[in-house]
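Student: sequence and predicted structure are below.
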Amino acid sequence: MISRKKIKWILWFETLGFLLLILLSWLDELVSLPQLIFGGDTHGGPNWHEAVLESSALVMVWCVVILFTKRLMRRLFYLDDFLRVCAWCRKIGYGDEWTTVEDYFSRGFAIKTSHGICPACEAKSAEEGKRRAA
C-alpha cells in the first residue's frame, strides 16, 4: 500500500527533476556548457530567447507529467480501497496474508464476530430440508 506521504515525495522529486532541467538550460546559455565540457569555440553570447523557449516547453511537460502522476495515484488509492476476498474460500487479503473473515474483522477493526443466518439463506435451507424429508 502506498501512503499519501509517499505520493507527495514522488511529486516533489518529479518537480525537482524538472527544475534541474530548467536550471541546466539556463546554465547552458550562461556558460555555454557543451564548449566548457567538450572544448571548442563559443558561438557568440547567450541566447536568452532559446532558454525561455526551452524553459516554457519544460514547464508544459512538467504540468502534463504531474497531472498524469496525480491521476495515477488517485487510481491506485481507489483500487487500494477495495477489499480483496477469495472467490473460493472467502478469505480476506489483509496486507501480505490471507485471513478468515473473523480474523480480519478482529485484527483490522477490533470487532467481535458471531455467526448467524440471513433470511434468504434460512428460507433456502428450510426449503432444502423439506425436499429431503419428502
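Tutor: Okay, I see it.

Student: show the pLDDT at residue 14.
Tutor: Looking at residue 14, its pLDDT stands at 93.

Student: just checking, it touches residue 64?
Tutor: No: in this structure, residue 14 is not within contact of residue 64 by CB atoms under 8 Å, at 11.0 Å. (Glycine included, C-beta is placed from N, CA and C.)

Student: please say which of those two ends up with more neighbours.
Tutor: Between residue 14 and residue 64, residue 14 has the larger neighbour count (other CB atoms under 10 Å), namely 14 against 9.

Student: what strand or helix carries that one?
Tutor: Using DSSP states H and E, the element containing residue 14 is helix 4-31.

Student: in that helix, which residues are buried?
Tutor: By neighbour count on 16 or more other CB atoms under 10 Å, the buried set for helix 4-31 is 7, 10, 18, 22, 25, 28-29.

Student: separation between residue 65 and residue 10?
Tutor: 11 Å (CB to CB, to the nearest Å).

Student: same check on residue 122?
Tutor: Distance from residue 122 to residue 10, by CB to CB: 51 Å.

Student: also residue 50?
Tutor: Look at residue 50 and residue 10: by CB to CB, they are 31 Å apart.

Student: any idea how the protein splits into domains?
Tutor: For the chain, the structural domains run 4-80, 84-133, going by automatic domain parsing.

Student: just name the most buried of those domains.
Tutor: Of all these, domain 4-80 has the most neighbours on average by mean count of other CB atoms under 10 Å, namely a mean of 12.

Student: how about the most centrally placed residue in the chain, nearest residue that isn't a chain neighbour?
Tutor: Note on the chain: the residue nearest the mean C-alpha position is residue 73, at 3.2 Å, using CA atoms, centre = their mean. Among residues not flanking residue 73 along the chain, residue 7 sits closest, at 4.7 Å (CB to CB, 6 or more residues apart in numbering).

Student: how much space between the one you found and residue 77?
Tutor: As judged by CB to CB, residue 7 and residue 77 stand 8 Å apart.

Student: cool, residue 11 as well?
Tutor: 14 Å.

Student: equivalent analysis for residue 115, please.
Tutor: Taking CB to CB, one finds residue 115 at 33 Å from residue 77.
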